[in-house]
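**Student:** need a structure here:
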Amino acid sequence: MSFDFSGKSVLVTGATRGIGLGLTRALVKYGGTVYALGSNKELLDALIEEYGDRVISVHVNLVDWGATRAALEQLPPMNGLVNNAGVSYAWVPSLDAPKDIIDKTLSVNLMAQINVTQVIGKKMVEAGNGGSIVNVSSINGIKPMRECMAYNLSKAALDMMTKQFALELGPNKIRVNSVNPTVALTDMGKEFWSHPPEKGAKLKDHTPLGRFAEVEEVVQPILYLLSDYSSMVTGTINPIEGGLLSNISV
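**Tutor:** So this is what the prediction gives:
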């Protein structure tokens, strides 16, 4: 499958690291213009230096609702939006989960996504050209893991947000879908799941394909959902997990 995003503009949140960075590079490779949103100006500047005017910096902290809206209101209508930015904090038993961890997780993984989607979605509606929105969720939104209740809740809510916006924006030819990866081998993913080694090994052993996802294995489905190849696809939740959710063995 060959993608062509020539003449298309896509806003990518969390564009400077991991999946967001891989997606930004892929969209530029296939002719698109990326509006790269991030809170680290140094990393955003590095993207501009690498790609010139093919990448446009949107420097804002998504936790700040008002500042985010103000920054996004200045942008032209987008053809696509990828809500990729997300956080995961220390794992703790649900009975001991502190309120500040729950609040901080939901503020980035859910509320910020709603905020961005509202502003960019309205611009898509007003432009009248349709569009595609992809939310980067997680298998944790489908099946919980122990001791990460706040993250699990945020991703389950993000999946419902996907369906809600798909329902309401469909008449405007705007499609909304989620991708739900297992562990992706970003720098952060590699670090977290390799210490101690048995933590990652247990999850991989439970995965029929026996491994975690490479970044490009998450990027490619996102590109598909952004593209016209998925023109009849909306409101869907798309696990990318090597069969992990099909394995109920203990």
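
**Student:** So which elements touch the helix ranked longest in the chain?
**Tutor:** Using DSSP state H to define each element, the chain has its longest helix at helix 149-169. Packed against helix 149-169 by the contact rule (3 or more CB pairs under 8 Å, 6 or more residues apart in numbering; DSSP states H and E) you find helix 99-106, helix 112-127, strand 131-136, strand 174-181, strand 237-240. No exception for glycine: its C-beta is placed from N, CA and C like everyone else's.

**Student:** For Glu198, which of these is the nearest?
**Tutor:** strand 174-181 (21.7 Å; CB to CB).

**Student:** Pick the most buried one from the helices and strands packed on helix 149-169.
**Tutor:** The highest mean neighbour count among the helices and strands packed on helix 149-169, using mean count of other CB atoms under 10 Å, belongs to strand 131-136: a mean of 27.

**Student:** Run me through the strand neighbours of it, direction for each.
**Tutor:** Sheet pairing for strand 131-136, assigned by DSSP bridges, gives strand 80-83 (parallel), strand 174-181 (parallel).

**Student:** Could you give the separation of the first one from the chain centroid?
**Tutor:** Put plainly, it is strand 80-83. 8 Å (CA atoms, centre = their mean, to the nearest Å).

**Student:** Pull the residues that contact that strand.
**Tutor:** 8-13, 20, 23, 112-113, 116-117, 120-121, 124, 131-136, 158, 222, 226 (CB atoms under 8 Å, 6 or more residues apart in numbering).
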